[in-house]
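Show me the folded form of this:
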Amino acid sequence: MNNPENEETLKVKPPKKRIRAKKRKRVKKRTRGNPNQKTGLIGVTKDGNKYRAQIMYGGTQHHLGRFDTKEQGGIAYDRFVVDKSTEEVSYTLNYPKMSDSEREEALKGKEPVQEKRGNPNQKTGLIGVYKRREKYQAELRYGGKRHKLGTFDTKEQAGIAYDRFVVGKSTKEVSYTMNYPNMSDPEREEALKVEPPPKRIRGNPNQKTGLIGVRKMREKYRASIKYHGTQHDLGRFDTKEQAGIAYDRFVVDKSTDWVSFTLNYPNMSNPEREEALKVLVEPPKKKRRGNPNQKTGLIGVRKSGGKYITSINYGGVPHHLGSFDTKEQAGIAYDRFVVDKSTKEVFFTLNYPNMSDPEREEALKVEEPVQEKRGKPNKTTGLIGVSKSGNKYQAQIQFGRKKYNLGSFDTKEQAGIAYDRFVIGKSTDEVSFNLNYPNGPSTSVTN
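Alright, predicted model coming up:
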């Protein structure tokens, strides 16, 4: 698809290209930084009698300190963002004329006030401790995640568990207040040694079957469990006892210090479970994939104009397998793709299951997929990928699921050349991109 004349045209006039590039309307940088309505400064909010400087950057909230005056907070914000601007994003400064040395001088003796974290719960009087019925829960949000530290009989134990978690977490910016600051690490461990959080018991018998993880499905009994956020189907059985044993076999080694799984038959040994399920287990049925198209009668084949398109969504990605003259060829192309994709969980139905691999290759040998042509001229401009926008011409294309803005130009011909330059190396065996100037732009276009 590379045309020598086109390449030569793009190489011959480098000075004029640079001149046009200067005239080109570039995409504006995204400006970040809106002043706070109350303080009038970017990234500065009032916090009690202090002023807090902070910013969301790189998906993370950055706490830059608490200051006596809003000016100090604004300077601290500037110090953080002054070198963060890129080609796409520009950070506005509160004091753009201030130099780095002046910023450092202004903040030299006025370091950020360390933030204190930890307010006592109104009902329990302790930090990070909440009453849950007859128990006390210790929990904390740290590092963007909620940490559950255990359930205890007394609020004092829960308060000690909170302290044990935060005791080494204080930094220059943040200080964690403790419930019992005078208690040593050995004293905390001793206080919690005898009273660890009770294990959570998992496993309630089904009301109809009387067994954990077993429910009746018509004439069979299904064993299943939700474990670590995933539903596990353990099989279908003739009797509920077999299903109960299958449940036990799955959870018997899953108990931890925090969670205990109740068994249906706790006195049964592992060999006895295996023996009971050796012949009787019915594995979960395979999921069948592949429904024929109503119009073509074939799986993965649809009609588009005078051709037949073969496609499939596999592994979360749509696969375009080609465009064919007959639906039979398209159906064979589908079979060729999925014939080795079946697994223990999923079975792919074929259009022609009795056809061998050599027969498929022979059927498609001469009739390879027709290369898809991409690129229709815009009705207004008459050029591919070029649209009029005010007094300018915009060049753009949708490629690889992304929309590319190729620039804004004074003439539609310049925009058409920019489009050609982008797609000229993008054609593949399956897809061919049409060019606005397949023979190279004329002299009148480039001048």
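
what about the protein, any weak spots by pLDDT?
When residues are selected by pLDDT under 70, those of the chain lie in 1-28, 109-114, 194-197, 279-285, 366-370, 429, 441-447.

all helices of it, in order?
4-12, 14-23, 70-81, 100-107, 155-166, 185-193, 240-251, 270-277, 327-338, 357-365, 412-423, 443-446 (DSSP state H).

ok, now which ones touch the closest residue to residue 92 other than its chain neighbours?
Once flanking residues are discounted, residue 92 sits nearest to residue 33: 3.5 Å by Cβ to Cβ, 6 or more residues apart in numbering. In short, each C-beta sits where N, CA and C put it, glycine included. Going by Cβ atoms under 8 Å, 6 or more residues apart in numbering, residue 33 touches 42, 43, 81, 91, 92, 93.

how about the residues you listed in TSV, adding neighbour count?
Below are those laid out as TSV (neighbours: other Cβ atoms under 10 Å):
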residue	neighbour count
42	21
43	27
81	22
91	21
92	15
93	19
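
Quickly name whichever of those residues is closest to residue 128.
Nearest to residue 128, judged by Cβ to Cβ, of the contacts of residue 33 is residue 43 at 29.1 Å.

quick one, what contacts that closest one?
Per Cβ under 8 Å, 6+ apart, neighbours of residue 43: 33, 36, 53, 54, 55, 64, 73, 74, 77, 81, 94.

The same query, at a cut-off of 7 Å, please.
Contact analysis of residue 43 by Cβ atoms under 7 Å, 6 or more residues apart in numbering lists 53, 54, 55, 77.

The closest residue to the last one other than its chain neighbours and residue 35, how far apart?
In other words, residue 77. Closest residue to residue 77 apart from its sequence neighbours, by Cβ to Cβ, 6+ apart: residue 43 at 3.8 Å. Separation of residue 43 from residue 35 (Cβ to Cβ, to the nearest Å): 9 Å.

go on, residue 164?
For residue 164, the distance to residue 35 (Cβ to Cβ) stands at 43 Å.

So between the two, which is more surrounded?
More crowded of residue 164 and residue 35, by other Cβ atoms under 10 Å: residue 164, with 19 against 14.

thought that one was touching residue 188?
Yes - Residue 164 is in contact with residue 188 according to Cβ atoms under 7 Å; the separation is 5.0 Å.

pretty sure residue 161 is touching residue 138, no?
Yes - with contact defined as Cβ under 7 Å, residue 161 reaches residue 138; the gap is 4.3 Å.

Find the residues that touch each one of the two.
Common neighbours of residue 161 and residue 138 (Cβ under 7 Å, 6+ apart) are 149, 150, 152.
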